[in-house]
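S.K.: Turn this into a model:
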Amino acid sequence: MNLKALIEKRQALLDEMKKIVDAANEETRSFTNEELAEFEKKKAEADELEKTINAAMELRSLEQTSLRESDTAEKGDTPEKLERRAFDSFIRGTLAEERADDINLTVGENGAVIPATIAAKIIDKVHEICPIYQLATRYNVGGKLTIPYYDDSESDITMDYASEFVELESKVGKLKNIELGGFLAGVLTLISKSLLNNSSFDLVSFVINKMAENIARWIENELLNGTEDKIEGLSTLEASVTAAAADKITADELIDLQEEVPDVYQSGAVWIMSKKTRTAIRKLKDGMGNYLLNRDVNSRWGYTLLGKDVYISDNMPDMKAGSRAVIYGDLSGLAVKITEDWEINILREKYATQHAIGVYAYVEIDSKIENGQKLKALAMKAS
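M.R.: The predicted structure is shown next:
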């Protein structure tokens, strides 16, 4: 089975679907019956191809796992233990090239492709310490990704009373799409040579944790604030509520913001704000003198506000004139495309004068809002 050909065929179908959508958008009209039938036909074929691709990838993964397990069964080591030990040796500079081939670690002139188990642990750690990324809708694919969605913001399919011999009025939303590409990003971790010389030090865990911390901090900032001409993230999320003051928020404004999210998306909604903003909101009371924001040992991050969990991020701006101080909603409305094929390299000489070596990794990532109804923001009054 030619997996690459299947992926290319599916992408070609997505491109054709995009052309149909673009044609209707350019003429500011809904689909014709022929266009709608063609779109649904291509979508059905793309869906079937996706199932085939996923099955092929799963089979390949199972075959690779089976081979690794059969190779290591006699030695009494699991593939994870072998890869972890080899990665440790690779960082320390003691791994033989022929040994690397046995444990799925491809060594090149400047570094190596990170073993699957180590990459998985880095990604799992990023999930653990970066809820924004964890709660977003993630697509682990390479290349360009086109996500169609139905836009009913201006009009939607409606039902109304009808009269005999009177034509029904057609009202329909528009099929649109967002495109996610891939922006190259890197992370660098410096390791003291004193640690390398300490055979009892858990070097692999150190690299996993340090890389995950750096990755999570950077990804969270990009998802919340974006960078011009790079990752958009939530930077395009316009404020649906504007505070009456430039330096404080009222209880009514928080209620207004919560009500901006439709009830159907409320179950997974959370609050996102800076620590200073949370401190200010903790002092707000309702008409009965009860605090709105409370400690809650059952919540994910220790606090709830109007019944929803509160997440604190250092990447959120404080309450100041014009700032977008609070985000509320279901983060599955944010799409994130990331490749899980991390590439890692070792810099043994560059940081020699610092008595250290560098471990750096690259990954491709992109993010945009997939469903704007799920996420809303509160901005402070401009000065």
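S.K.: only C-alpha atoms for contact and neighbour calcs from this point on.
M.R.: Fine.
S.K.: CA-only coordinates of the longest strand belonging to the chain in CSV, if you can.
M.R.: When the chain is parsed with DSSP state E, its longest strand is strand 356-369. Taking Å, rounded to 0.1, in the frame of the first residue of the first chain, the C-alpha atoms of strand 356-369 are listed here in CSV:
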residue,chain,number,x,y,z
ALA,A,356,28.1,22.7,28.5
ILE,A,357,26.6,21.0,25.4
GLY,A,358,23.4,22.0,23.6
VAL,A,359,20.5,19.8,22.8
TYR,A,360,18.0,21.4,20.4
ALA,A,361,14.9,20.2,18.6
TYR,A,362,12.8,21.5,15.7
VAL,A,363,9.1,21.0,15.0
GLU,A,364,6.5,22.4,12.6
ILE,A,365,3.4,24.0,14.1
ASP,A,366,0.4,26.3,13.2
SER,A,367,-2.8,27.3,14.9
LYS,A,368,-6.0,29.3,14.1
ILE,A,369,-9.5,29.6,15.5
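S.K.: starting at the chain centroid, how far to that strand?
M.R.: Relative to the centre of its chain, strand 356-369 is centred 13 Å away, using Cα atoms, centre = their mean, to the nearest Å.
S.K.: pLDDT on it, on average?
M.R.: Per-residue pLDDT values over strand 356-369 give a mean of 86.
S.K.: so what strands line up beside whichever helix or strand Val326 is part of?
M.R.: With elements taken from DSSP states H and E, the one containing Val326 is strand 324-329. Next to strand 324-329 in the sheet, as set by DSSP bridges, lie strand 270-273 (antiparallel), strand 375-379 (antiparallel).
S.K.: Keeping just the C-alphas, turn that strand into PDB.
M.R.: Provided in PDB are the C-alpha atoms of strand 324-329 (Å, rounded to 0.1, in the frame of the first residue of the first chain):
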ATOM      1  CA  ARG A 324      -7.500  41.600  26.200                       C
ATOM      2  CA  ALA A 325      -7.500  40.600  29.800                       C
ATOM      3  CA  VAL A 326      -9.900  37.600  30.000                       C
ATOM      4  CA  ILE A 327     -10.700  34.800  27.600                       C
ATOM      5  CA  TYR A 328     -13.600  32.400  28.200                       C
ATOM      6  CA  GLY A 329     -14.900  29.400  26.300                       C
END
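S.K.: For the residue nearest to Ser383 when sequence neighbours are not counted, report the pLDDT, please.
M.R.: Nearest residue to Ser383, sequence neighbours excluded (Cα to Cα, 6 or more residues apart in numbering): Ala321, at 5.4 Å. Looking at Ala321, its pLDDT is 93.
S.K.: Helix, strand, or coil at Ala321?
M.R.: Following DSSP: H, G, I helix; E, B strand; the rest coil, we place Ala321 in the coil state.
S.K.: is it true that it touches Lys248?
M.R.: No. Assessed by Cα atoms under 8 Å, Ala321 is found out of contact with Lys248, at 9.7 Å.
S.K.: Can you pull the residues that touch both of the two?
M.R.: Contact criterion Cα atoms under 8 Å, 6 or more residues apart in numbering; residues shared by Ala321 and Lys248: Met380.
S.K.: Check Pro148 and give its pLDDT.
M.R.: Per the predicted model, pLDDT is 69 at Pro148.
S.K.: can you give me the helices for the stretch 201-350 of the chain?
M.R.: 203-225, 251-259, 275-282 (DSSP state H, counting those that start in this stretch).
S.K.: Would you reformat those as JSON lines and include mean pLDDT, mean neighbour count and distance to Ser194?
M.R.: Listed next are these as JSON lines, based on pLDDT from 0 to 100; neighbours: other Cα atoms under 10 Å; distance: least, Cα to Cα, whole Å:
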{"stretch": "helix 203-225", "mean pLDDT": "88", "mean neighbour count": "20", "distance to Ser194": "11"}
{"stretch": "helix 251-259", "mean pLDDT": "94", "mean neighbour count": "16", "distance to Ser194": "52"}
{"stretch": "helix 275-282", "mean pLDDT": "93", "mean neighbour count": "17", "distance to Ser194": "37"}
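S.K.: okay if I get those helices as JSON lines plus distance to Lys125?
M.R.: Converted to JSON lines, those look like this (distance: least, Cα to Cα, whole Å):
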{"stretch": "helix 203-225", "distance to Lys125": "6"}
{"stretch": "helix 251-259", "distance to Lys125": "30"}
{"stretch": "helix 275-282", "distance to Lys125": "23"}
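S.K.: Out of those helices, which is closest to Arg84?
M.R.: Arg84 sits nearest to helix 203-225 of all the helices of the stretch 201-350 of the chain, at 7.0 Å, using Cα to Cα.
S.K.: now the angle from that closest one to strand 356-369?
M.R.: For helix 203-225 against strand 356-369, the angle by axes from the mean of the first three to the mean of the last three Cα atoms, to 10 degrees is 30 degrees.
S.K.: With just CA atoms, put helix 203-225 into CSV.
M.R.: Presented in CSV, the C-alpha positions along helix 203-225 are these (Å, rounded to 0.1, in the frame of the first residue of the first chain):
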residue,chain,number,x,y,z
LEU,A,203,19.9,12.7,32.0
VAL,A,204,17.0,11.7,29.8
SER,A,205,14.4,12.9,32.3
PHE,A,206,16.2,16.1,32.7
VAL,A,207,16.2,16.7,28.9
ILE,A,208,12.5,15.7,28.6
ASN,A,209,11.4,18.0,31.4
LYS,A,210,13.5,21.0,30.3
MET,A,211,12.5,20.7,26.7
ALA,A,212,8.8,20.2,27.6
GLU,A,213,8.9,23.3,29.8
ASN,A,214,10.5,25.5,27.1
ILE,A,215,8.2,24.1,24.4
ALA,A,216,5.1,24.6,26.6
ARG,A,217,6.0,28.1,27.5
TRP,A,218,6.5,29.1,23.9
ILE,A,219,3.5,27.2,22.5
GLU,A,220,1.2,28.7,25.1
ASN,A,221,2.3,32.2,24.2
GLU,A,222,1.8,31.6,20.5
LEU,A,223,-1.6,30.0,21.0
LEU,A,224,-2.8,32.9,23.1
ASN,A,225,-1.2,35.9,21.4
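S.K.: All good on my end, thank you.
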